[in-house]
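[1] coordinates only, sequence not included:
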């Protein structure tokens with residue numbers, strides 16, 4: 001597979017400049033700021049770390065002045081002071097006339113913000129639901145376009161791309177689809193909580209997209225994949241991302257039941273049932 005540059009990452013001070021709902025569960029926030037001139041990414045499933053302020057704070061508290069020691073100093077801050085850190089993927093970017101990044105889009109899942117929700121919203125969902133232009137955030141992102149926070153890397157001989165994503169991985173899957181070349185065959189299974197979350201997917205590839213909505217994501221995803229008849233192929237590449245338990249089961253399906261070479265499967269657990277991102281981070 002293609003290898004990535006060991007790219008440096010840096011902090012970008014940004015402001016929200018636009019917000020819009022994409023459906024019952026999703027919102028897109030556009031960020032801008034002079035710092036973005038140094039932001040470089042080849043897109044696809046580019047991973048980012050976003051730092052958000054607590055209610056009452058005008059900006060997130062991250063000790064960037066400590067240089068390489070910022071991480072340990074940030075962890076030692078009180079819980080109600082230390083900026084909320086969450087992992088997201090880049091949904092899109094736009095450049096100015098000089099070719100510099102001018103704006104980026106990040107899509108947020110708004111679990112728990114609706115009245116009477118069974119599960120309470122987390123701090124990032126609450127922030128995104130209330131975000132307004134001018135709200136300040138800090139982004140830890142790439143300064144080199146081809147970097148190791150991009151995981152989607154099909155081998156050069158790939159003749160079929162297979163993608164599964166839940167709502168947390170939908171932005172990455174959508175961004176990936178937009179980069180697929182014309183004529184490449186692709187099958188995508190995209191799982192979202194509500195029919196209103198279904199989006200138009202743009203791609204030049206010869207793609208078939210299946211949307212799965214509603215509860216029972218893990219069982220319904222496996223059932224849909226097992227029932228799928230794939231077009232003739234010799235060198236498939238699989239990308240699976242979302243809830244870690246579901247991702248592992250789907251990987252076993254492709255490797256164990258479909259016979260895909262495990263070296264041609266990229267799988268990423270974006271979250272895990274019952275655990276916050278802080279708890280996942282503590283587990284390493």
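    That came through fine. Only a predicted model underlies this, so the values are computations on that prediction, with no experimental measurement involved.
[2] low-confidence regions, the stretch 51-200 of the chain specifically.
    115-118 (pLDDT under 70).
[3] the same query, at a cut-off of 90, please.
    Along the stretch 51-200 of the chain, segments meeting pLDDT under 90 span 68, 111-122.
[4] in it, which spans are strands?
    84-95, 101-109, 136-142, 160-165, 185-192 (DSSP state E, counting those that start in this stretch).
[5] could you redo these as a markdown table and give each row mean neighbour count?
    Heads up, the C-betas are built off the backbone N, CA and C, glycines and all. Putting the strands of the stretch 51-200 of the chain into a markdown table (neighbours: other CB atoms under 10 Å) gives the following:
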| stretch | mean neighbour count |
| --- | --- |
| strand 84-95 | 20 |
| strand 101-109 | 21 |
| strand 136-142 | 22 |
| strand 160-165 | 25 |
| strand 185-192 | 22 |
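[6] so which of those strands is nearest residue 259?
    strand 160-165 (12.7 Å; CB to CB).
[7] what are the pairing partners of that closest one, and which direction each?
    strand 185-192 (parallel), strand 236-243 (parallel) (DSSP bridges).
[8] any idea how far residue 72 lies from residue 13?
    Relative to residue 13, residue 72 is positioned 21 Å away (CB to CB, to the nearest Å).
[9] comparing these two, which shows the higher neighbour count?
    Summary of the neighbour comparison: residue 72 and residue 13, criterion other CB atoms under 10 Å, with residue 13 having more neighbours (17 against 10).
[10] okay but residue 214 is in contact with residue 193, surely?
    Yes. Applying CB atoms under 8 Å as the test, residue 214 and residue 193 come out as touching, 7.2 Å apart.
[11] tell me which of the two has more neighbours.
    Summary of the neighbour comparison: residue 214 and residue 193, criterion other CB under 10 Å, with residue 193 having more neighbours (19 against 11).
[12] which residue, neighbours along the chain excluded, lies closest to the more buried one?
    Leaving out its chain neighbours, the residue that sits closest to residue 193 by CB to CB, 6 or more residues apart in numbering is residue 25, at 4.9 Å.
[13] show me what contacts residue 235?
    Under the criterion of CB atoms under 8 Å, 6 or more residues apart in numbering, the neighbours of residue 235 are 155, 157-160, 264.
[14] in JSON lines: these, plus distance to residue 95.
    Formatted as JSON lines, the entries for the contacts of residue 235 read as follows, by distance: CB to CB, whole Å:
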{"residue": "155", "distance to residue 95": "29"}
{"residue": "157", "distance to residue 95": "32"}
{"residue": "158", "distance to residue 95": "28"}
{"residue": "159", "distance to residue 95": "32"}
{"residue": "160", "distance to residue 95": "32"}
{"residue": "264", "distance to residue 95": "32"}
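[15] confirm residue 254 sits in a helix?
    Yes. When the secondary structure is assigned by DSSP: H, G, I helix; E, B strand; the rest coil, residue 254 falls within a helix.
[16] what is the neighbour count of it?
    Counted with other CB under 10 Å, the neighbours of residue 254 add up to 21.
[17] how far away is it from residue 150?
    21 Å.
[18] over to residue 78?
    When CB to CB is applied, the distance between residue 78 and residue 150 equals 34 Å.
[19] of those two, who's got more company?
    Just comparing residue 78 and residue 150: by other CB under 10 Å the higher neighbour count belongs to residue 150, 24 against 7.
[20] ok, that one - contacts?
    Going by CB under 8 Å, 6+ apart, residue 150 touches 4, 41-47.
[21] residue 198 now?
    23, 192, 211, 213.
[22] just residue 32 next, same as before
    Each residue near residue 32 by CB under 8 Å, 6+ apart is listed here: 14-15, 17, 102-104.
[23] of all those residues, which two lie farthest apart?
    Across the contacts of residue 32, no pair lies farther apart than 15 and 102, at 12.7 Å, counting by CB to CB.
[24] circling back: quick one, which of the contacts of residue 150 are buried?
    Burial of these was assessed by neighbour count (16 or more other CB atoms under 10 Å); the buried members are 41, 43-47.
[25] reformat those residues as JSON lines; add distance to residue 276, pLDDT and secondary structure.
    Output for the buried ones among the contacts of residue 150, formatted as JSON lines (distance: CB to CB, whole Å; pLDDT from 0 to 100; DSSP: H, G, I helix; E, B strand; the rest coil):
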{"residue": "41", "distance to residue 276": "27", "pLDDT": "97", "secondary structure": "coil"}
{"residue": "43", "distance to residue 276": "28", "pLDDT": "95", "secondary structure": "coil"}
{"residue": "44", "distance to residue 276": "27", "pLDDT": "96", "secondary structure": "coil"}
{"residue": "45", "distance to residue 276": "22", "pLDDT": "98", "secondary structure": "coil"}
{"residue": "46", "distance to residue 276": "23", "pLDDT": "98", "secondary structure": "coil"}
{"residue": "47", "distance to residue 276": "18", "pLDDT": "97", "secondary structure": "strand"}
